[in-house]
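K.L.:
Next one to model:
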Amino acid sequence: MAGGTGGHIYPALAVARSLQAGSPETEIRWVGGHRGLESQVIPATGIPFGRLLLRSLRSVDFDVHAILDPIRLALSLPQAAAMLLALRPAAIFTTGGYVSLPVLIAAAPLRIPVVMWDGNVVPGRSVRVTAGLADCIAVAFEETSRTLGKRKPCFVTGTPIRDPGSMSRAAARNALGIPAGDGLLLIFGGSQAVRRFNAAVAAALPRLLARVRVIHVTGDAGYAEAAAGLAALPEPLRPRYRPERFLTDDMTAALAAADLVVGRAGSSTLAEVAAFGLPMVVVPYPHAAGHQRRNAEEMVRAGAARLVEDADFDAEALLSAAAIIGDAGEHARMAAAARALARPGAAGAVAELVLATARRQPLPDAARIEAISRGVEGGGPAHGTAGASGSAGK
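P.N.:
Have a look, this model is predicted:
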């Protein structure tokens, strides 16, 4: 049960993939809402997909949807109950939020256990509400467990991501046509709010390409301008700039090939950057109650990133960021700090919790979940008894 933005959908998809790999007999069904990214992403994965009447993304402005959304929520409750009665799932996994409310409310009287994961240092209001309906909670950050884990078993797993070991750096650079000696900057604004990034790239482009190669994820709205900027470059610089609307299939290669990432502070972005051992210049999205800033501060505190405020991010800030690639000492220190934060096995750790819950087995102990998430023990969910303890891993 996950919908809305990529920050909710892609971690859930990583857990689903881990379940499919480690427990092939497990059947998975996905429930989302309307208007969110899930209707574009999930059908292509082959996972059976159903949608509730409510919208995954609600309008911020006061308009007709401010009246219609509560009606959609009320109508989604019997719809969710009918789905659960028909499917009788052994467990529900959710990344929380508004879209999950009808399913979790309907699950309670049916005694269907729920595992919830949250990726922000400071959980949002809807996550705090839905956490009360979960039987087990997994979180990306230690600090979050002190908020959500007061009454429920809570494990620090990191953020479930795609497998960072699926492509080597050499193979990625060869696939993308990046010469061995060239620095590569990946500029990635996430699934929302990339206009600030696109403007900075446009203003810095010739000077930036004189220093590094650039892969620039523009989003749909920014691609035409970036393509025009590419066409206007001097011929020798054009091979050094690659604008892309999205990098859904090639993101693993881009991360494996990169030397530095400039991006937002969504938990999935931070987790993937750390898993690939990359320094980062992080520009938190300034809205959404400041959640991204708190996420970014964790990475900055560890020495793996520099923070630039959204209002201060311009061409000069981008050029200053690119200079990290040329500073071997700073680059190495930041890369080492990123690797120390990494939890590449987070998807397997969360899948372990889901399977134990579905099988009505004791939850794994915190040490096992920590080991799996760090990539020290296994890479996916176990097939036998899931552990000896149900104690909270805080």
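
K.L.:
from here on, contacts and neighbour counts on C-alpha atoms
P.N.:
Fine.

K.L.:
what about the closest residue in space to A180 that isn't next to it in sequence, distance to A232?
P.N.:
Ranked by Cα to Cα, 6 or more residues apart in numbering and with sequence neighbours excluded, the top spatial neighbour of A180 is R173, at 7.5 Å. The spacing between R173 and A232, counted by Cα to Cα, to the nearest Å, is 25 Å.

K.L.:
Neighbour count: those two, which is higher?
P.N.:
Taking R173 and A232 together and counting by other Cα atoms under 10 Å, R173 has the greater number of neighbours (20 against 12).

K.L.:
For the more buried one, which residues are in contact?
P.N.:
By Cα atoms under 8 Å, 6 or more residues apart in numbering, the contact set of R173 is P179, A180, A253, A256, A257.

K.L.:
Out of those, flag the one nearest to A86.
P.N.:
Among the contacts of R173, A253 lies closest to A86 (Cα to Cα), at 40.6 Å.

K.L.:
residues in contact with that closest one?
P.N.:
Residues near A253 by Cα under 8 Å, 6+ apart: M167, R169, A172, R173, A175, L176.

K.L.:
Same question for A265.
P.N.:
Here A265 is in contact with V282, V283, P284, Y285, Q292, R293, N295, A296 (Cα under 8 Å, 6+ apart).

K.L.:
one more time with 6 Å
P.N.:
Taking Cα atoms under 6 Å, 6 or more residues apart in numbering as the criterion, A265 is in contact with P284, Q292, A296.

K.L.:
Can you classify the last one as helix, strand or coil?
P.N.:
Each residue gets one of three states, and A296 gets helix by DSSP: H, G, I helix; E, B strand; the rest coil.

K.L.:
Give the closest residue to it in space, chain neighbours not counted.
P.N.:
Excluding the flanking residues, the one nearest A296 by Cα to Cα, 6+ apart is A265, at 5.4 Å.

K.L.:
Just the element for the one you found, please.
P.N.:
According to DSSP states H and E, A265 maps onto no helix or strand at all.

K.L.:
From I325, how far off is it?
P.N.:
The span separating A265 from I325 equals 20 Å under the rule Cα to Cα.

K.L.:
ok, now V281?
P.N.:
Separation of V281 from I325 (Cα to Cα): 11 Å.

K.L.:
Who has more neighbours out of these two?
P.N.:
Between V281 and I325, V281 has the larger neighbour count (other Cα under 10 Å), namely 26 against 22.

K.L.:
That one: what's it in contact with?
P.N.:
For V281, the set of contacting residues under the criterion of Cα under 6 Å, 6+ apart consists of V262, A305, R306, L307.

K.L.:
what secondary structure does the first one sit in?
P.N.:
Going by three-state DSSP, the secondary structure assigned to V262 is strand.

K.L.:
tell me the pLDDT at it?
P.N.:
Taken from the predicted model, the pLDDT recorded for V262 is 98.

K.L.:
For A172, which non-adjacent residue is closest in space?
P.N.:
For A172, the nearest residue in space outside its immediate sequence neighbours is A253; the separation is 4.7 Å by Cα to Cα, 6+ apart.

K.L.:
which residue sits closest to G222, ignoring its sequence neighbours?
P.N.:
Excluding its sequence neighbours, the residue lying closest to G222 (Cα to Cα, 6+ apart) is N198, at 6.6 Å.

K.L.:
Count the residues that sit near that neighbour.
P.N.:
Under the neighbour criterion other Cα under 10 Å, N198 is assigned a count of 24.

K.L.:
So which elements touch the helix or strand containing it?
P.N.:
Under the criterion of DSSP H and E, N198 resides in helix 195-209. If contacts are counted by 3 or more Cα pairs under 6 Å, 6 or more residues apart in numbering; DSSP states H and E, helix 195-209 sits against helix 315-326.

K.L.:
what's next to the helix it packs on, contact-wise?
P.N.:
Contacts made with helix 315-326 from outside it, assessed by Cα under 6 Å, 6+ apart, are listed as A200, A203, A204, H331.

K.L.:
Is it possible to get a markdown table of these that adds distance to A16?
P.N.:
As requested, those are arranged in a markdown table below (distance: Cα to Cα, whole Å):
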| residue | distance to A16 |
| --- | --- |
| A200 | 36 |
| A203 | 41 |
| A204 | 40 |
| H331 | 34 |
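
K.L.:
Relative to R240, how far out is V201?
P.N.:
13 Å.

K.L.:
the more surrounded of the two?
P.N.:
When neighbours are counted by other Cα under 10 Å, V201 and R240 differ, and V201 comes out ahead with 23 against 20.

K.L.:
how would you label A74: helix, strand or coil?
P.N.:
Assigned by three-state DSSP, the conformation of A74 is helix.

K.L.:
With adjacent residues omitted, what lies nearest to T95?
P.N.:
Sequence neighbours aside, W117 is the residue nearest to T95 in space, at 4.9 Å (criterion: Cα to Cα, 6+ apart).

K.L.:
Who does that neighbour form a beta bridge with?
P.N.:
A138 (DSSP bridges).

K.L.:
Then V262?
P.N.:
When V262 is checked against DSSP bridges, its beta-bridge partners turn out to be I187, V281.

K.L.:
Show me what counts as buried in stretch 40-60.
P.N.:
The neighbour-count check on stretch 40-60 (16 or more other Cα atoms under 10 Å) flags I42, F49, R51, L52, L53, L54, R55, S56, L57, R58 as buried.
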